[in-house]
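Here's a sequence, model it:
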Amino acid sequence: MSEHLRLSGVSHGYGDRQLFAGVELAITAGEHVAVVGENGAGKSTLLRVLAGLEAPDEGTAVSQGRVGYLAQAHGLPDQFSVSDAIDAALASLRALEAELDRLEDGLAGAEADELERYGNLQTQYQLREGYAAESRVEAALDRLGLGGLDRMRTLGSLSGGEQERVALACVLADPADILLLDEPTNHLDASGTAWLEARLAAHRGTVVVVSHDRVLLRKVASTVIEVDAERRTVNRYGNGYEGYLREKAAERQRWARQYQGWLDAMAAERLQADTVAGRMGYARQRDGDKMGFDFKAGTWQKAVTSKVRNAQERLRRLEANPIDRPPVPLKLATDLQADAAAGPALEASGVAVPGRLEPTDFRVEAGQKILITGPNGAGKSTLLSVLAGTLEPAKGTVVRHGRIGYLQQELELPRRPALRLLPAFAAGLGGNIDEHAEALLRLGLFRTSEFHVPVGSLSAGQQRRLALARLLLGGFGTMLVDEPTNHLAPVLVEQLEAALSDFAGTLVIVSHDRALGEWFSKCARANSSGNRTGHGVEAGNWRRYAMRDGAVTQGNDAPGFTDSK
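The predicted model follows:
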């Protein structure tokens, strides 16, 4: 198959921070590709380079075909009307229409070359289904929840989510040979997302989509490209999202074997040096009874000394080229069973925050697992902040029992940006710094080489991992987690779900992640069928709530969920 996109020897970054180096990448015509990685790894930058909007620092980027690009922020002027935005998106198609109209007026006396040009342009117009462009715009706006939107409204008068949906509808109105989409589901509801998935899956051209939505990845992508911030590489995986997960697991196994081989080689060289040196010492004791060494004994000792020196040199080379300990599947601390006694973990009575949270009663029993869903701006994060005690309600009270850990959706900037990662992790936890280093390594979120990086230099994904590590190893009986999958690579999210499945304490999660919702439903069904978790959590303890316009409602939309007041 022909190539639609190619990167050759591409290196790129900003200032002294290089995002990726020496990238070789080819994407064939008709291929559907997902780009994954932590926030800050360079996914959006890679998409802009592919779109030709940024020139790489080194190497070349080539595209073959018409490109349609959707940024996370549309970039159009606020004074543009919806109609202006649509006209801008359809500009090349409108120009094609105008040229066809011009040529039609002179067809009666046209020369052969003009007739041929008209035929070619008409073919292009038909292949792009130009006659249906307006109906596609209307259909896209309708399916994205903007049906009936006044086209004379300015973009500045729309909400941020509405602006992005208008931009998405415009990109899809005249489908390009190559669609490059950056987080297209960020502002879509369930029906809009389902429509987009079907639209992308049916697209005959090339699709490259940056997304953290694992359901979309499973349904749309035949290939996954991972931007690895730590190694500054761009790696390609075939066989869809599930194939990507399998290959990542195989990579960890290979890494573990290499690490163990390195440890074994060092142990063998130390043993070799110690054993030979011991023999030499024994020989010297024997030779001490003589008047002196004969030629044979001297030769033997030289050989032994050489063997020791060679073993020590090999050991130095191994130590000079260490292999980092490989990441292990994410684990919770073993002491997280505290505060799981019967009774409430949290009791909120009549709590309210003007304009954000209606008067609410909310009770969470110890050991209960709760998922709170709802659209952006529904009040989910506000409720969680009130429960955690970081936001004081205007009305009502909250009673908290036991130790509570809270992971916010948006992390604050580090107060001490020069502080190194390991001391920042250990701050306030007490104990020995070496013990904290070992615990952090066991968690598998960071490597030893990252322990000395200033926290002010960490990417958004690394900041999220640091906060997550402090939560998971804090020994909390209750954990409040706001959008836990944000900023994390898909493999780490899968591991986090597995770790939380075995958590014996109390868990309240706020999320719009559909795949996490599916995981929650699976756990709920397992418990409702009479199963218990490994720690004896009773069936029926997994419950879902929904929020809209600052109000909480109960939900029982999946087997295993019990109604809650």
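
L458 is in contact with E38, correct?
No - counting by Cβ atoms under 8 Å, L458 is not a contact partner of E38; they are 10.5 Å apart. C-beta coordinates here come from the backbone N, C-alpha and C atoms, glycine included.

Next, report how far the longest helix along the chain is displaced from the centre of its chain.
Ranked by number of residues, the top helix in the chain under DSSP state H is helix 240-287. Distance of helix 240-287 from the chain centroid (Cα atoms, centre = their mean, to the nearest Å) equals 34 Å.

quick revisit: what about E38 and L458, which has more around it?
E38 (25 against 20; other Cβ atoms under 10 Å).

three-state assignment of the residue lying closest to that one once chain neighbours are set aside?
Excluding its sequence neighbours, the residue lying closest to E38 (Cβ to Cβ, 6 or more residues apart in numbering) is G461, at 2.7 Å. Using DSSP: H, G, I helix; E, B strand; the rest coil, the structure places G461 in helix.

Can you verify my assumption that G461 contacts N39?
Yes - G461 lies in contact with N39 (Cβ under 8 Å); the separation is 4.8 Å.

Is G428 located within a helix, as I assumed?
No - counting by three-state DSSP, G428 is located in no helix; its state is coil.

what's it sitting at in phi/psi?
The phi and psi values for G428, taken as degrees, to the nearest 10, are phi 80, psi 0.

next one: G59
According to degrees, to the nearest 10, G59 has phi 90, psi -170.

and stretch 218-225, which residues are buried?
219-225 (16 or more other Cβ atoms under 10 Å).

Show residues contacting that stretch.
For stretch 218-225, the external contacting residues (Cβ atoms under 8 Å, 6 or more residues apart in numbering) are 25, 27, 31-36, 46, 197, 200-201, 207, 209, 217, 234-244.

same deal with stretch 14-24?
Residues contacting stretch 14-24 (Cβ under 8 Å, 6+ apart): 7-13, 41-42, 45-46, 59, 227, 229, 232-234.

Using PDB, write out every CA atom in that stretch.
Taking C-alpha atoms only, stretch 14-24 is exported to PDB below (Å, rounded to 0.1, in the frame of the first residue of the first chain):
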ATOM      1  CA  TYR A  14      11.200  23.000  22.700                       C
ATOM      2  CA  GLY A  15      14.200  24.800  24.200                       C
ATOM      3  CA  ASP A  16      16.400  22.400  26.000                       C
ATOM      4  CA  ARG A  17      13.700  19.700  26.200                       C
ATOM      5  CA  GLN A  18      13.700  17.200  23.400                       C
ATOM      6  CA  LEU A  19      10.400  15.300  23.000                       C
ATOM      7  CA  PHE A  20      11.600  12.700  20.500                       C
ATOM      8  CA  ALA A  21      14.700  11.900  18.500                       C
ATOM      9  CA  GLY A  22      15.500  10.000  15.300                       C
ATOM     10  CA  VAL A  23      11.900   9.000  14.600                       C
ATOM     11  CA  GLU A  24      11.300   6.800  11.600                       C
END
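
So for it, mean pLDDT?
Mean per-residue pLDDT for stretch 14-24: 89.

List the buried residues for it?
Buried, per 16+ other Cβ under 10 Å, within stretch 14-24: 19-21, 23.

One more: stretch 378-395?
Buried residues in stretch 378-395 (16+ other Cβ under 10 Å): 378-388, 391, 393.

tell me the mean pLDDT for it?
For stretch 378-395, the mean pLDDT works out to 92.

Repeat that for stretch 471-491.
On average, the pLDDT along stretch 471-491 is 86.

Just the endpoints, please. Distance across that stretch?
19 Å (Cα to Cα, to the nearest Å).

Can you get me a residue count around the closest residue to P454 other than its chain neighbours?
Using Cβ to Cβ, 6+ apart and skipping residues adjacent in sequence, the residue nearest P454 is A418, 5.2 Å away. A418: 9 surrounding residues under other Cβ under 10 Å.

Need the per-residue pLDDT for A418.
89.

That one: which element?
Applying DSSP states H and E as the criterion places A418 outside every helix and strand.

was I right about it contacting G456?
Yes - with contact defined as Cβ under 8 Å, A418 reaches G456; the gap is 6.5 Å.

re the thing from before, which member of the buried residues of stretch 378-395 is positioned nearest R403?
Nearest to R403 among these is A388, at 11.9 Å by Cβ to Cβ.

doesn't L53 fall inside a helix?
No - L53 is assigned coil when assessed by three-state DSSP, not a helix.

what about it, how many neighbours?
13.

There's contact between it and V67 in this structure, I believe.
No - here L53 does not reach V67: they are 9.4 Å apart, not a contact under Cβ under 8 Å.
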